[in-house]
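Engineer: Provided below for reference: sequence and predicted model.
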Amino acid sequence: MAAPVDVKFLKSHEWARKDRDDVVFGVSEFAIEQLNHEIVYLELPSVGQQVKAGETFGVIEAVKAASDLYAPLSGKIIAVNDVAVNDPMVVAQDPFAEGWLVKIAPSAAGEWDALLSSEEYTKLIESGEAH
Amino acid sequence: MTELKQTPLHAWHVDAGATMTDFNGWHMPLLMKGMTEEHLETRNSVGIFDLCHMGRVMVRGSGALDYLNKLTPAFLDDGRLGQVLYSFLLNEEGRTMDDITIYVGTDEHLVVVNAGNHDRDMEIMEKAARGNPKVEVEDYSTKWGMVAVQGPASDEVMHSVGLGCATKLSYYHHVTLKFAGAPAIVSSTGYTGELGYEIYLPWGEVSRLWEKLIAASAPLGGGAVGLGARDTLRLEASMPLYGHELNEETTPIEAGLKKFINFDKPAFVGRDALLALRDSGGAEQRLVCLEMTQRGPVPRQDYAVCAPDVEDPVGVVTSGAMSPCLQKNIAMAYVARDWARLGTHLEFEIRGRRHPAVVVKRPFYKRSD
């Protein structure tokens, strides 16, 4: 399973991608596999809300369980993917592009460097120690 | 961790790429292709289920009917021959130790129990038979296996595998047929709310039957179904599941299953307590079916059920899911009886927020034929 090279990750399987000065969050394909590819509901913050790196910013629900979503970076929500909110299966089908979750204006420099690179994240998954 | 038990179909599931899970000590398929897809296939065509993990107990002897009459709240006599009775193992307080089915036969009676309660059920059943020379209780759980065929195309599948005679059975009846020379008990029963059959046969014959069932169901748009879809199917059909709607803290009366309690019998385990409960006006809580009235998060077991503008919860969710057929969030819940009437507006409390729901008729889903 190849992760895109332009994104960075949290161990808890959220990704972050730079979009000029903003940053987009999503969840990895591995997370989708863990959720058995069936996403039934997304609970995301509203535009204007603040999120903090490492803290929960929403919930993703599969058929069998609900999981917290953790913010890779701190900042203010400036956009929410309404397409995914209305049809959460978009996240399962295309987690790294169409299935993005929220866009933030980051507020803390330096947090980006603390995230796992695509290579480090892929190694973590392949080590079998991720869950 | 102790080693997980395997059904005769374990290798088949693994080869088929099933996502496996620990279910009450058994390594079982949670899903084959996808829970929603398997759910809809069962509703639209046919689903094949491996249920070998369930417990099976054979009760025989001249005193067997008498024994089962004293042990369970079901009424059994010779007139019940060929019927499948839904019943319970209760404790003296009338609370549910397990829900079971009893296959009333001529010489022997098959009792089917939940996998998670098997060991405790065996203790209860063996203890009740102790010192009674007229009854013999034998654990058949790994001697015979069990598979289910469920869905509107079930009859075609049963004909294809040479068990077509069973399609003449009335609902909740059984017959003993032959499959490839081996005996097979077939019943018109199930846990999905669909037309369907459950088939019991020797452990060593299960794989052969399974292969045939899968081959027969494929051209009809059906196939193997995992435990994930089994759960959403039974929830749509509002069928109780032990550990959720039924447990050691509640009685069948509050679960809305009073019709399965035969009070005319002079004695059965839990009778006095249930009689007292019935005569005092019934239980303080009732099991209800709830539908969320707008899109929202999924209600799940143990979430609070609240009433509008009332601070303290009035109930608790026992099972919930996004219903693949109704495309709504549905749940079963115990609520205080003042809040149990049809049409009552309630709320699910999920992660600190309340989401409107309404008490609806049981079952959520009823097949059209």
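Structural biologist: That came in fine, so what should we check first? Numbering: from 1, shown residues only, chains lettered A, B, ... in the order given.
Engineer: enumerate every residue touching B:Val317.
Structural biologist: B:290, B:299-305, B:331-333, B:348 (CB atoms under 8 Å, 6 or more residues apart in numbering or on different chains). Every C-beta, even on glycine, is put in place using the N, C-alpha and C of the backbone.
Engineer: list the beta-bridge partners for it.
Structural biologist: Listed by DSSP bridges, the beta-bridge partners for B:Val317 are B:Ala333.
Engineer: sorry, back to before: now, of the contacts of B:Val317, which are buried?
Structural biologist: Taking 16 or more other CB atoms under 10 Å in any protein chain shown as the criterion, what is buried in those is B:290, B:299-301, B:303-305, B:331-333, B:348.
Engineer: how about TSV for these, with pLDDT, secondary structure and distance to B:Thr232 added?
Structural biologist: Compiled in TSV, the buried ones among the contacts of B:Val317 are given as follows (pLDDT from 0 to 100; DSSP: H, G, I helix; E, B strand; the rest coil; distance: CB to CB, whole Å):
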residue	pLDDT	secondary structure	distance to B:Thr232
B:Leu290	98	strand	15
B:Pro299	98	coil	13
B:Arg300	98	coil	13
B:Gln301	98	coil	14
B:Tyr303	98	coil	17
B:Ala304	98	strand	22
B:Val305	98	strand	20
B:Ala331	98	strand	12
B:Met332	98	strand	12
B:Ala333	98	strand	16
B:Phe348	98	strand	17
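Engineer: closest one of those residues to B:Ile48?
Structural biologist: Nearest to B:Ile48 among the buried ones among the contacts of B:Val317 is B:Met332, at 26.1 Å by CB to CB.
Engineer: circling back: farthest pair within the buried ones among the contacts of B:Val317?
Structural biologist: Applying CB to CB across the buried ones among the contacts of B:Val317, the maximum distance is between B:Ala304 and B:Met332, 14.4 Å.
Engineer: interface residues of the stretch 101-250 of chain B facing chain A?
Structural biologist: B:228, B:232 (CB under 8 Å from any CB of the partner chain).
Engineer: the residue of the stretch 101-250 of chain B found nearest chain A: neighbouring residues, count only.
Structural biologist: Going by CB to the nearest CB, chain A is nearest to B:Gly228 of the stretch 101-250 of chain B, at 6.3 Å. By other CB atoms under 10 Å in any protein chain shown, 25 other residues sit near B:Gly228.
Engineer: and if you look at A:Ala66?
Structural biologist: Counted with other CB under 10 Å, A:Ala66 comes out at 17.
Engineer: likewise for the one 3 residues further on?
Structural biologist: When counting by other CB under 10 Å, one arrives at 26 neighbours for A:Leu69.
Engineer: restricting to C-alpha, output the helix or strand where it lies in CSV.
Structural biologist: Assigning secondary structure by DSSP states H and E places A:Leu69 in strand A:66-70. Written as CSV, here are the backbone C-alpha positions of strand A:66-70 (Å, rounded to 0.1, in the frame of the first residue of the first chain):
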residue,chain,number,x,y,z
ALA,A,66,-16.8,5.0,16.2
SER,A,67,-13.2,6.3,16.2
ASP,A,68,-11.9,9.7,17.2
LEU,A,69,-10.0,11.8,14.7
TYR,A,70,-6.8,13.5,15.9
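Engineer: next, see if that strand gets close to chain B.
Structural biologist: Yes. Strand A:66-70 reaches chain B (CB under 8 Å from any CB) through A:Ala66.
Engineer: which strands and helices sit next to that strand?
Structural biologist: Secondary-structure packing of strand A:66-70 (3 or more CB pairs under 8 Å, 6 or more residues apart in numbering or on different chains; DSSP states H and E): strand A:56-62.
Engineer: what sits up against the strand it packs on?
Structural biologist: Strand A:56-62 has contacts (CB under 8 Å, 6+ apart) with A:25, A:27, A:31, A:35-36, A:38-45, A:51, A:66-71, A:77, A:88, A:91, A:101-102, B:297-298, B:351.
Engineer: what strands line up against it, and which way round?
Structural biologist: By DSSP bridges, strand A:56-62 pairs with strand A:39-43 (antiparallel), strand A:66-70 (antiparallel).
Engineer: which residues touch the residue of the stretch 101-250 of chain B closest to chain A?
Structural biologist: Per CB under 8 Å, 6+ apart, neighbours of B:Gly228: A:36, A:63-64, B:30-31, B:35, B:38.
Engineer: could you pick out the residues of chain A near chain B for me?
Structural biologist: Residues of chain A lying near chain B (CB under 8 Å from any CB): A:36-38, A:40-41, A:43, A:59, A:61, A:63-66.
Engineer: looking at those residues, which has the most residues close by?
Structural biologist: Neighbour-wise, those (other CB under 10 Å) top out at A:Val63, 24 neighbours.
Engineer: show me what contacts B:Ser280?
Structural biologist: Neighbours of B:Ser280 in contact, by CB under 8 Å, 6+ apart: none.
Engineer: low-confidence regions, the stretch 1-150 of chain B specifically.
Structural biologist: Filtered on pLDDT under 70, the stretch 1-150 of chain B yields the residue ranges B:1.
Engineer: any idea what the residue most central in space within chain A is bridged to?
Structural biologist: Chain A has A:Gly26 as the residue nearest its centroid, 2.6 Å off, counting by CA atoms, centre = their mean. Listed beta-bridge partners, A:Gly26: A:Trp15 (assigned using DSSP bridges).
Engineer: just B:Val186 next, same as before
Structural biologist: Bridge pairing for B:Val186 - DSSP bridges - gives B:Val175, B:Ile199.
Engineer: how many neighbours does it have?
Structural biologist: 23.
Engineer: and the one 5 residues further on, by the same measure?
Structural biologist: The local packing count at B:Tyr191 equals 18, with neighbours defined by other CB under 10 Å.
Engineer: name the helix or strand for the residue lying closest to it once chain neighbours are set aside, please.
Structural biologist: Nearest residue to B:Tyr191, sequence neighbours excluded (CB to CB, 6 or more residues apart in numbering or on different chains): B:Arg234, at 4.8 Å. Assigned by DSSP H and E, B:Arg234 belongs to helix B:227-236.
Engineer: do me a favour and average the pLDDT over the following helix or strand past that helix.
Structural biologist: Using DSSP H and E, the helix or strand that follows helix B:227-236 towards the C-terminus is helix B:271-279. Across helix B:271-279, pLDDT averages out at 95.
Engineer: how about residues contacting helix B:271-279?
Structural biologist: Taking contacts as CB under 8 Å, 6+ apart, the residues outside helix B:271-279 that touch it are B:73, B:90, B:92-94, B:251-253, B:258, B:261, B:263, B:265, B:283.
Engineer: send me it as CSV with only the CA atoms.
Structural biologist: This file holds the C-alpha atoms of helix B:271-279, laid out as CSV (Å, rounded to 0.1, in the frame of the first residue of the first chain):
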residue,chain,number,x,y,z
ARG,B,271,-42.2,-19.1,37.1
ASP,B,272,-42.9,-17.6,40.5
ALA,B,273,-40.9,-14.5,39.9
LEU,B,274,-42.3,-13.9,36.4
LEU,B,275,-45.9,-14.5,37.7
ALA,B,276,-45.3,-11.9,40.4
LEU,B,277,-43.9,-9.5,37.9
ARG,B,278,-46.8,-10.0,35.5
ASP,B,279,-49.4,-9.6,38.3
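Engineer: what about the helices in the chain?
Structural biologist: Reading this off chain A. A:29-34, A:82-86, A:89-93, A:111-114, A:118-126 (DSSP state H).
Engineer: should've been chain B
Structural biologist: Under DSSP H, chain B gives helices at B:10-15, B:35-44, B:64-71, B:118-129, B:154-160, B:206-217, B:227-236, B:271-279.
Engineer: now do the buried residues in the fifth one.
Structural biologist: Of the residues in helix B:154-160, B:154-158, B:160 count as buried by neighbour count, 16+ other CB under 10 Å.
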